[in-house]
Each structure stands twice: as structure tokens, then as C-alpha cells.
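Novice: Predicted model, plus sequence, below.
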Amino acid sequence: MRGIIAVLLAGVLVAGGCAGVNDTGEENAAGPAAPSNAGLREGSGAGDGSGRGPGTGDGGGPQSVLIELKVAVDESLAEAFAQVEHGFEVNHPNVEVVLSYGEGSNLADRIAGGEPADVFVTDDPFAARAVTLNAEPVEVGRVSLVLVKPGAGAGFIDFVRAGDGRRILTDSGLLRP
């Protein structure tokens, strides 16, 4: 019964000339405005619920998987690493960096206790040594970066060590030119 009512209502709207308006307020001759996907990142799961569309590998669009990279940052480095986060995401659009903050040794204890993190960043060399799990700390000036678990974190460390991240740290005053 509901299906019949929906079909009848759709026919009345089409016959009555109800074209709707699009997101910009202009008339849309094809019918009512479709919801906007503005603000959604490709591969973020937006779609029509059919399981087809961008990021699903059905050939209808590029396949893109959004990787979440968890970076635990010593609170003394928060301002500079917010800029590093932005720079890394611009250069790696398929990676979303999620920063968490804390005092160096406290943050190291939290990570050792099981708090999820891919990379640990601190200016406390003792804290950096406390959380060494998969690699020795990489020293960039007075900043230590530790790869907590293998994966995308290695690219983040490379970005800070030798890429635009190093320039960001130099511009912030953490490194000397």
C-alpha cells in the first residue's frame, strides 16, 4: 500500500511541475535537489547504500581507503605538530592524522599500557626510550619520533625527518636552519 502511495505522489509531483532547487538555489529541471556530499572525503563511506560508488572498487570511481594514523604528541610540541599534521595530510590525502596530547613520560606510560598509537613524538629523550617497541627513536633536532607499530607511521616519521615536516619544525623554531 505504501509503495502505491509513493508512486502516486511521485507522479503528481512530476505532473505538477515540481522540479525543486539544487544546492545553489537554482531550479533543477531534473527533479528535487539531491543531498550534498560536501565535506565528505572520498572513501569515507558516503554513498547510496547500494555498496557501489566511489572508493568501493566497482570501477565506478577511484578506489581510496582512508587510513587513520594515530600520533601521540608531547604537549610541549602541540602547536608545531598541529601544523605538521596539516602538511602531512595535504601530501597524503588518503591519511587522516589523529593527534593526542600528554606530558612526555605520562604519554609514554599510556602507550606502554596499551593506548593505541602509531607514532610517539616527544622532546623528552627518556620518555622516547621508554616506549621503544619497534624501532629506535629517530632524532630530528631536539624532537624524538618513535615508530610504535609498523605501518603508515614510517611515512610520517620520514615526512618530519626529511620532508616538508622538517621545514615546518624549522619555521616554528624547534629546529635550527
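Specialist: Right, received. Where do you want to start? This is a predicted model, so every value here is computed, not measured.
Novice: ok, what's across the strand from the closest residue to residue 115 other than its chain neighbours?
Specialist: Of all residues not flanking residue 115 in the chain, residue 72 sits nearest, at 7.3 Å (C-beta to C-beta, 6 or more residues apart in numbering). (C-beta placed from N, C-alpha, C; glycine too.) Taking DSSP bridges as the rule, residue 72 bridges to residue 100, residue 120.
Novice: what's near enough to touch residue 72?
Specialist: Contacts here follow C-beta atoms under 8 Å, 6 or more residues apart in numbering; on that basis residue 72 touches 99-102, 107, 110-111, 115, 117, 119-121, 148.
Novice: If you go by neighbour count, which of the residues you listed are buried?
Specialist: Listed as buried from these are 99, 101, 102, 107, 110, 111, 117, 119, 120, 121, 148; burial here means 16 or more other C-beta atoms under 10 Å.
Novice: The third one touches residue 74, doesn't it?
Specialist: Looking back up the chat, that one is residue 102. Yes: when contacts are counted by C-beta atoms under 8 Å, residue 102 is listed as touching residue 74 (7.3 Å).
Novice: re earlier: columns distance to residue 161 and pLDDT on top of the contacts of residue 72, output as JSON lines?
Specialist: As requested, the contacts of residue 72 are exported to JSON lines (distance: C-beta to C-beta, whole Å; pLDDT from 0 to 100):
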{"residue": "99", "distance to residue 161": "18", "pLDDT": "97"}
{"residue": "100", "distance to residue 161": "21", "pLDDT": "95"}
{"residue": "101", "distance to residue 161": "21", "pLDDT": "95"}
{"residue": "102", "distance to residue 161": "23", "pLDDT": "93"}
{"residue": "107", "distance to residue 161": "20", "pLDDT": "90"}
{"residue": "110", "distance to residue 161": "24", "pLDDT": "90"}
{"residue": "111", "distance to residue 161": "20", "pLDDT": "89"}
{"residue": "115", "distance to residue 161": "24", "pLDDT": "91"}
{"residue": "117", "distance to residue 161": "18", "pLDDT": "94"}
{"residue": "119", "distance to residue 161": "12", "pLDDT": "94"}
{"residue": "120", "distance to residue 161": "15", "pLDDT": "92"}
{"residue": "121", "distance to residue 161": "12", "pLDDT": "93"}
{"residue": "148", "distance to residue 161": "16", "pLDDT": "89"}
